[in-house]
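A.B. asks: okay, structure incoming, though there's no sequence with it:
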């Protein structure tokens, strides 16, 4: 509490608030007087300036289209409502997939995949329009970043569900691998912004979030037109056979026996790992972490501190692999893991804007970590019992996420004197 009071004094007439993103914090963040954000953090949020990374060629190509579509929106429509409309598209697609492919072990009807393709494209298009609507109405605020990236991290579950539904990879470690790699990569992008104050959008000029999202939508649409099971369950030997047996001699046997869907998921995991390695490299060599004038010991300590923030997300990934896929319903494990990751991701997004310390150990993850060990090592726990426990965790994490986000939004709205879903009269330029 003393730390919180000193922060409050700093903003009300004492010394300037301090950026604490590089502060070593192992088990607990410093307590705050009220809510989730300190007075010092609210000061930084009020003065926060969003800095994105570079843009790709496709971003620049589509920007006039996004501008045109934004001009069609009414001036009274709040930017956060645009973001929410995009998120609702993901909710619609996810609900359809839950009904028709509850555990991703059977392919849903073609029209469901087609609707998911539309929802993916609509979601990302609206995601690109919300910031433009904010600037158009003169209502840009740091709350928009929380809303935008907060929805992005929960909507990863929809993208995962769409791909998993037409690959029919539920109930396997393949499914766990693509969910953990997807959500860990997304968390690490926010982790990079937390340390460098720059959010990476792309890797080069040809591959970025725009390409990935629109590619996911295009792939879903194409998959709605084909026999997905027959297409993706073919072995690589069958696919490569027309190229001649001499070519197959150079292909490892393990690759020949793999199905096309497994090769595709391997490709996704490899791409995710490469993106995460690039993120780690950018953080470790950034001047904030490794200033030229610092000693080796100081740089080493800063790098250890930065890497420690990944401890809990990595533990969540290991916990997911600890649970035998056949011991639980895939959807229950997926939602529980997704919600837990969402809480951690939203928290580091807010703390990045507020420049508050983020603890290496995040206690929100412990219910899931303990449950994973229980399911793994208790032979007396039935599948129904494991599903029941995960179901309880789903409700708990849903409440926890909504409560944490609602508290943070209330604090930000009060500090900035704005409304969340409507444009406050007098705030428009």
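C.D. replies: That came through fine. As the structure is a computational prediction, the values presented were derived from the model and not from experiment.

A.B. asks: give me phi/psi at residue 408?
C.D. replies: phi -60, psi -40 (degrees, to the nearest 10).

A.B. asks: same question, residue 364
C.D. replies: Dihedral angles (degrees, to the nearest 10) for residue 364: phi -60, psi -20.

A.B. asks: show me what contacts it?
C.D. replies: Residue 364 makes contacts with 340, 343-344, 397, 400, as judged by Cβ atoms under 8 Å, 6 or more residues apart in numbering. Backbone N, C-alpha and C define where each C-beta goes, glycine included.

A.B. asks: how much space separates the residue lying closest to residue 326 once chain neighbours are set aside from residue 275?
C.D. replies: What sits nearest to residue 326 in space, not counting adjacent residues and going by Cβ to Cβ, 6 or more residues apart in numbering, is residue 171, at 6.2 Å. Using Cβ to Cβ, to the nearest Å, we find residue 171 at a distance of 27 Å from residue 275.

A.B. asks: now swap in residue 138 and tell me
C.D. replies: 35 Å.

A.B. asks: which one's more surrounded, those two?
C.D. replies: residue 275 (20 against 11; other Cβ atoms under 10 Å).

A.B. asks: how much space separates the more buried one from residue 388?
C.D. replies: Distance from residue 275 to residue 388, by Cβ to Cβ: 36 Å.

A.B. asks: could you do residue 42 as well?
C.D. replies: 40 Å.

A.B. asks: the more surrounded of these two?
C.D. replies: residue 42 (25 against 13).

A.B. asks: mind listing what the more buried one touches?
C.D. replies: Contacts of residue 42 by Cβ under 8 Å, 6+ apart are 11, 354, 411-412, 415.

A.B. asks: try 10 Å this time
C.D. replies: The contact partners of residue 42, by Cβ atoms under 10 Å, 6 or more residues apart in numbering, come to 7-8, 11, 17, 32, 34-35, 142, 353-354, 411-412, 414-416.

A.B. asks: and what of residue 327?
C.D. replies: 171, 333, 375-376, 381-383, 386-387.

A.B. asks: between those, which has the most around it?
C.D. replies: residue 333 (29 neighbours).

A.B. asks: for the one helix or strand that residue maps to, name the packing helices and strands.
C.D. replies: Using DSSP states H and E, residue 333 maps to helix 330-354. Packing partners of helix 330-354 (3 or more Cβ pairs under 10 Å, 6 or more residues apart in numbering; DSSP states H and E): helix 39-46, helix 79-100, helix 142-167, helix 173-196, helix 311-322, helix 366-377, helix 383-416.

A.B. asks: right, and the ones you listed - which one's nearest residue 124?
C.D. replies: Smallest distance to residue 124 across the helices and strands packed on helix 330-354 (Cβ to Cβ): 7.4 Å, for helix 79-100.

A.B. asks: in that closest one, what counts as buried?
C.D. replies: 79-87, 89-94, 96-97 (16 or more other Cβ atoms under 10 Å).

A.B. asks: could you find the closest non-adjacent residue to residue 286?
C.D. replies: residue 196 is the one closest to residue 286 (Cβ to Cβ, 6+ apart), at 4.8 Å.

A.B. asks: equivalent analysis for residue 56, please.
C.D. replies: residue 208 (4.3 Å).

A.B. asks: ok, the residue nearest the centre of the chain to residue 263 distance?
C.D. replies: Among the residues of the chain, the one closest to the centroid is residue 153, at 3.0 Å (Cα atoms, centre = their mean). Using Cβ to Cβ, residue 153 is found at 28 Å from residue 263.

A.B. asks: and what of residue 132?
C.D. replies: For residue 132, the distance to residue 263 - Cβ to Cβ - is 39 Å.

A.B. asks: the more surrounded of those two?
C.D. replies: With neighbours defined as other Cβ under 10 Å, residue 132 and residue 263 compare such that residue 132 has more, 18 against 15.

A.B. asks: relative to residue 349, how far out is the more buried one?
C.D. replies: 20 Å.

A.B. asks: pick out the most distant pair among the contacts of residue 327.
C.D. replies: 171 and 381 (17.7 Å).

A.B. asks: tell me how many other residues surround the residue nearest to residue 26 when sequence neighbours are not counted.
C.D. replies: Nearest residue to residue 26, sequence neighbours excluded (Cβ to Cβ, 6+ apart): residue 360, at 5.1 Å. Neighbour count of residue 360, defined by other Cβ under 10 Å: 17.

A.B. asks: may I see the buried residues of the host helix or strand of residue 114?
C.D. replies: Following DSSP H and E, one finds residue 114 within helix 110-137. Residues 112-113, 115-134, 136-137 are the ones in helix 110-137 that count as buried (16+ other Cβ under 10 Å).

A.B. asks: ok, stretch 306-319 next?
C.D. replies: Neighbour count says stretch 306-319 has 306-310, 312-313, 315-317, 319 buried, by 16+ other Cβ under 10 Å.

A.B. asks: for the residues you listed, which one is nearest residue 251?
C.D. replies: Of those, the one sitting nearest to residue 251 (Cβ to Cβ) turns out to be residue 317, at 30.1 Å.

A.B. asks: roughly how far does the residue nearest to that closest one when sequence neighbours are not counted sit from residue 313?
C.D. replies: Spatially, and ignoring its direct neighbours in sequence, residue 317 is nearest to residue 180 (4.1 Å; Cβ to Cβ, 6+ apart). According to Cβ to Cβ, residue 180 stands 9 Å off from residue 313.

A.B. asks: residue 370 too?
C.D. replies: The value you get for residue 370 to residue 313, if Cβ to Cβ is used, is 17 Å.

A.B. asks: just residue 398 next, same as before
C.D. replies: For residue 398, the distance to residue 313 - Cβ to Cβ - is 19 Å.

A.B. asks: how about residue 119?
C.D. replies: Taking Cβ to Cβ, one finds residue 119 at 27 Å from residue 313.

A.B. asks: contacts for stretch 392-408, please.
C.D. replies: By Cβ under 10 Å, 6+ apart, stretch 392-408 touches 34-37, 41, 45, 143, 146-147, 150, 154, 331-343, 346-347, 349-351, 353-354, 364, 367-368, 371, 420.

A.B. asks: which among these count as buried?
C.D. replies: Buried among those by 16+ other Cβ under 10 Å: 36-37, 41, 45, 143, 146-147, 150, 154, 331-343, 346-347, 349-351, 353-354, 364, 367-368, 371, 420.

A.B. asks: run through this protein and note the low-pLDDT ranges.
C.D. replies: 1-15, 50-54, 202-204, 243-250, 425-429 (pLDDT under 70).
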